[in-house]
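> here you go, sequence then predicted model.
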Amino acid sequence: MNWNDLTRNWADNYRALRQEFPKLEPSAMPFLKADQDRFESYLAATHDMSLKEAQDAFDAFLSQHEKALRTA
């Protein structure tokens, strides 16, 4: 899964994002879902991570969900 796949079906994917990153605020998402870099910066700030840690965690999330889609 990549950023475009994620945002194409935002409602369903947001639930999975929230499970992985529970401090995401729904009210911030309309401003963030259009820009992966801004989203990763927000993720770092809200989850007490460095930007690199947030990028790595988000990449892992995308990879995990890509594998789940292949096995479904």
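Yep, it's here.
> for the rest of this, base every contact and every neighbour count on C-alpha atoms.
Will do.
> now stretch 43-62: average pLDDT?
The pLDDT scores in stretch 43-62 average 97.
> remind me what the top helix by length along the chain packs against, helices and strands.
Secondary structure of the chain per DSSP state H: the longest helix is helix 51-71. Secondary-structure packing of helix 51-71 (3 or more Cα pairs under 8 Å, 6 or more residues apart in numbering; DSSP states H and E): helix 36-46.
> counting neighbours, which bits of the strand or helix carrying residue 19 end up buried?
Residue 19 belongs to helix 10-20 when assigned by DSSP states H and E. For helix 10-20, the neighbour count (16 or more other Cα atoms under 10 Å) marks 14, 17 as buried.
> buried residues in the helix or strand that comes right after it?
Sequence-wise, the next helix or strand downstream of helix 10-20 (DSSP H and E) is helix 29-32. By neighbour count with 16+ other Cα under 10 Å, helix 29-32 contains the buried residues residue 32.
> for helix 29-32, give the mean pLDDT please.
Per-residue scores along helix 29-32 average to 86.
> contact partners of that helix?
Contact with helix 29-32 is made by 38-39, 42, as judged by Cα atoms under 8 Å, 6 or more residues apart in numbering.
> let's see 10 Å
Identification of contacts with helix 29-32 by Cα atoms under 10 Å, 6 or more residues apart in numbering yields 10, 14, 38-43.
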